[in-house]
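Engineer: what follows is a predicted protein model with its sequence.
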Amino acid sequence: MSKIFAIASQKGGVGKTTSAINLAGAFSLRGKKVLIIDMDPQGGVVFGLGLKKESIMGGVYDIFKENRNAADIVHLTSINNLDLIPFGSFSLPDQNKIYKNTDGENSHFLNQIREISKKYDFILIDCPPGSGPLTKTALEIADSLIIPLQCEPLALKTLPQLLKLIKTIKSVNASLKLEGILLTQYERSSPISKEVLQQVVNHFPENTVIEVIIPFDDGFSVSYKIGKPLTLSETPIPGASAYKLLADEIINGEITKN
Ligand SMILES: Nc1ncnc2c1ncn2[C@@H]1O[C@H](COP(=O)(O)OP(=O)(O)OP(=O)(O)O)[C@@H](O)[C@H]1O
Ligand SMILES: [Mg+2]
């Protein structure tokens, strides 16, 4: 049975897209069939998977606005088992206008995603920052939510907004599960990273913060530029190993949490 993950956070730049791309890479390595849906109008996944902007023939936007079928909009990538539904429009239209189709609803989109999800083991939805209409749509369709949180002092300031997001989830989709908070860009030698980790673990109820921590690794920026997930690198890299470990836990159905 397929499982749909939304990767979302209030704050930008915390590693949502990096997590989607690298978890997807790790799943594909394990022979799992995976689809990334890019719900972010920034359209970053296209580049992170090495696709050219010119090769994009529609996307999320077209499913919403033109009532097109998701199956016609799936783009194959050069990576085995890894497909993409890109956002599709590189202009930045008002999210509210995208969210509802011309009849004022998103049921066509939700039905299309439900239908296509049957062909995959995992679907990863990369959300834009914040809890706007596109993120809410992703939460409506998802089984589970992963919230990446960057290990830096400002992260703690976004916690109240984060908690609000978690609360709103339940009103959108009662069966949505908070899979966990994923700490990213952790710098082992930095006292700030350690402090943030401790405070986040103390702040949340038990079983909320994912034990696997994604270290800071310059390799992520480099791999994004060359259009290949770091998890597909042949040499062992700490950042990639962390995502692979998390992917294995997801495949085995048991994510270890603090
Ligand atoms: N673990 C990491 N170590 C080092 N750099 C990282 C790590 N994770 C992400 N980055 C870098 O941080 C930047 C932001 O990451 P990313 O684009 O994944 O964040 P995002 O949450 O998707 O941002 P946005 O909210 O804008 O969509 C990128 O340049 C990325 O390469
Ligand atoms: Mg992003």
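Structural biologist: Okay, I see it. Ligands and ions are numbered 1, 2, ... in the order given.
Engineer: so what sits opposite Leu35 in the bridge?
Structural biologist: Beta-bridge pairing for Leu35 (DSSP bridges): Asp83, Ile123.
Engineer: mind listing what it touches?
Structural biologist: Val74, Leu82, Asp83, Leu84, Ile85, Ile116, Ser117, Lys119, Tyr120, Phe122, Ile123, Leu124 (CB atoms under 8 Å, 6 or more residues apart in numbering). For glycine as for every other residue, the C-beta is placed from the backbone atoms N, C-alpha and C.
Engineer: for burial, what's the neighbour tally of the residue nearest to Leu176 when sequence neighbours are not counted?
Structural biologist: The shortest distance from Leu176 to any residue other than its chain neighbours is 5.1 Å, reached at Ile169 (CB to CB, 6 or more residues apart in numbering). Other residues near Ile169 number 22, with proximity taken as other CB atoms under 10 Å.
Engineer: what helix or strand is Ile169 located in?
Structural biologist: helix 159-172 (DSSP states H and E).
Engineer: near ligand 1, which residues of the protein are found?
Structural biologist: Taking CB under 6 Å from any ligand atom as the measure of proximity, the chain contacts ligand 1 at 12-18, 40, 42, 44, 129, 184-185, 214, 216-217, 220-221, 224, 239.
Engineer: helices and strands around the helix or strand following the helix holding Ile169, which ones?
Structural biologist: Moving toward the C-terminus from helix 159-172, the next helix or strand (DSSP H and E) is strand 177-184. Strand 177-184 sits against helix 16-29, strand 144-150, helix 159-172, helix 191-203, with contacts defined as 3 or more CB pairs under 8 Å, 6 or more residues apart in numbering; DSSP states H and E.
Engineer: measure the closest residue to Ser175 other than its chain neighbours to Ser223 for me?
Structural biologist: Spatial nearest neighbour of Ser175, chain neighbours left out: Asp143 (7.4 Å); criterion: CB to CB, 6+ apart. Counting by CB to CB, to the nearest Å, the gap from Asp143 to Ser223 is 28 Å.
Engineer: and Ala138, how far from Asn22?
Structural biologist: Taken as CB to CB, the span from Ala138 to Asn22 is 18 Å.
Engineer: correction: Ile251
Structural biologist: 15 Å.
Engineer: okay, those two: which has more neighbours?
Structural biologist: Comparing Ile251 with Asn22 by other CB under 10 Å, the one with more neighbours is Asn22, at 28 against 16.
Engineer: hmm, Leu230 and that one touching each other?
Structural biologist: Yes. Judged on CB atoms under 8 Å, Asn22 makes contact with Leu230 at a distance of 5.8 Å.
Engineer: what do these two both touch?
Structural biologist: Listed as contacting both Asn22 and Leu230 by CB under 8 Å, 6+ apart are Phe220, Gly239, Ala240, Tyr243.
Engineer: residues in contact with the first one?
Structural biologist: Translated: Phe220. Gly15, Thr18, Asn22, Leu230, Gly239.
Engineer: now render the residues you listed as CSV, adding distance to Asp62 and pLDDT.
Structural biologist: Listed next are the contacts of Phe220 as CSV, based on distance: CB to CB, whole Å; pLDDT from 0 to 100:
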residue, distance to Asp62, pLDDT
Gly15, 28, 97
Thr18, 26, 98
Asn22, 27, 98
Leu230, 30, 98
Gly239, 34, 96
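Engineer: pick out the most distant pair among these.
Structural biologist: Using CB to CB, the contacts of Phe220 reach their maximum pairwise distance at Gly15 and Leu230, which is 11.9 Å.
Engineer: next, count neighbours for the closest residue in space to Thr77 that isn't next to it in sequence.
Structural biologist: Nearest non-adjacent residue to Thr77, counting by CB to CB, 6+ apart: Leu49, 4.8 Å away. Residues within reach of Leu49, counting by other CB under 10 Å, total 25.
Engineer: wait, isn't Leu49 in contact with Ile21?
Structural biologist: Yes. Assessed by CB under 8 Å, Leu49 is found in contact with Ile21 at 6.6 Å.
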